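S.K.: Could you look at this predicted model? Sequence included:
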Amino acid sequence: MDKDTDGPLPNMNVVMHPYRARTDASGIAEIKVAQGAYSVFVSGQGYYPVQRDLDVIDDLVSRAPLEAEPPPSKDW
């Protein structure tokens, strides 16, 4: 989700090594993983990546608010 607008972000990469997925048009990625501790990484074009740690013991839903990168500088 976009941190400022709370809107969905499609085509973001979600990695819970060795598992990975991309978010759909609704900003949702579904990943089936084994129980355990994971570092989750969410990234995509135009946004700063986010990392968080999760302990998976049952089905869960987690949100990852991503902050938009500033537009490129025209001074270059």
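M.R.: Yep, that arrived. Residues are numbered from 1 along each chain as shown.

S.K.: From here on, just use CA atoms for contacts and neighbour counts.
M.R.: OK.

S.K.: Report the contact partners of R22.
M.R.: Remark: with contacts taken as C-alpha atoms under 8 Å, 6 or more residues apart in numbering, R22 is in contact with 10-14, 28-29.

S.K.: Which of those residues fall within strands?
M.R.: 13-14 (DSSP state E).

S.K.: Neighbour count and pLDDT for the contacts of R22 - can I get that in CSV?
M.R.: Formatted as CSV, these follow (neighbours: other C-alpha atoms under 10 Å; pLDDT from 0 to 100):
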residue, neighbour count, pLDDT
P10, 16, 97
N11, 18, 97
M12, 23, 97
N13, 16, 98
V14, 24, 97
I28, 20, 96
A29, 17, 96
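
S.K.: In TSV: the contacts of R22, plus distance to P70.
M.R.: Conversion of the contacts of R22 to TSV gives the following (distance: C-alpha to C-alpha, whole Å):
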residue	distance to P70
P10	19
N11	19
M12	18
N13	20
V14	22
I28	24
A29	25
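
S.K.: so which of the contacts of R22 would you say is closest to S73?
M.R.: M12 (23.7 Å; C-alpha to C-alpha).

S.K.: Look up how far A25 lies from that closest one.
M.R.: Here M12 is placed at a distance of 10 Å from A25 (C-alpha to C-alpha, to the nearest Å).

S.K.: Repeat that for D58.
M.R.: D58 sits 25 Å away from A25 when distances are taken as C-alpha to C-alpha.
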